[in-house]
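> okay, sequence plus prediction incoming.
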Amino acid sequence: MNKPLLNDKLEYPHDDVLAKYLGKTKIIWDEFVAHLSSTFNSMSLEWNYYNDGKAWLCKLVHKKKTVCWISIWDQYFKVTFYFTDKNTDDIKLLKIDPAWINKYLSNKSIGKLKPLTTEVKTKKVLAGIYELIKYKSK
């Protein structure tokens, strides 16, 4: 099973570290972070090292609520949202890739939460992620 990168507890994921792992997709990361700062300026990105997964993860936080989780992989990053069953009808109506919706519907719940994960390798997926951030932050 693949694991996210950023496994060194002592190596904080600052800009140079992210560039090393993201490679060509670092420009997409920078655009993502800039868009969050300008459009979702009440939210913040928080990096933490988690011993259970032995990796640094980033969470996007709105007030005290976690909107999504971000993990760094080899040449890309993943964004994961967690929803409850009551969100399913709304998610079906969002303007996001239908493949994401189908994958979400087929995912197994983890406790009361069901994940919706997307890999960010191109800029075109960012619009769907922003839709999910808007929905989740309401």
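Received it, and whenever you're ready, just let me know what you need.
> mind checking pLDDT for the most centrally placed residue in the chain?
Centre of the chain computed as the mean C-alpha position; nearest residue by Cα atoms, centre = their mean is Val79, 2.0 Å away. Per-residue confidence (pLDDT) for Val79: 98.
> likewise for Pro13?
97.
> separation between Leu126 and Ile28?
7 Å (Cβ to Cβ, to the nearest Å). From N, CA and C alone the C-beta is placed, and that goes for glycine too.
> quickly list what's touching both of these two.
Counting by Cβ atoms under 8 Å, 6 or more residues apart in numbering, the common neighbours of Leu126 and Ile28 are Val120.
> looking at these two, which is more packed in?
For Leu126 versus Ile28, the count of surrounding residues by other Cβ atoms under 10 Å is larger for Ile28: 19 against 16.
> and that one, what does it touch?
Ile28 neighbours (Cβ under 8 Å, 6+ apart): 22, 120-123, 126.
> run a quick neighbour tally on Gly128.
18.
> for it, helix, strand, or coil?
Using DSSP: H, G, I helix; E, B strand; the rest coil, the secondary structure recorded for Gly128 is helix.
> that one reaches Leu116, doesn't it?
No - using Cβ atoms under 8 Å, Gly128 makes no contact with Leu116, being 9.9 Å away.
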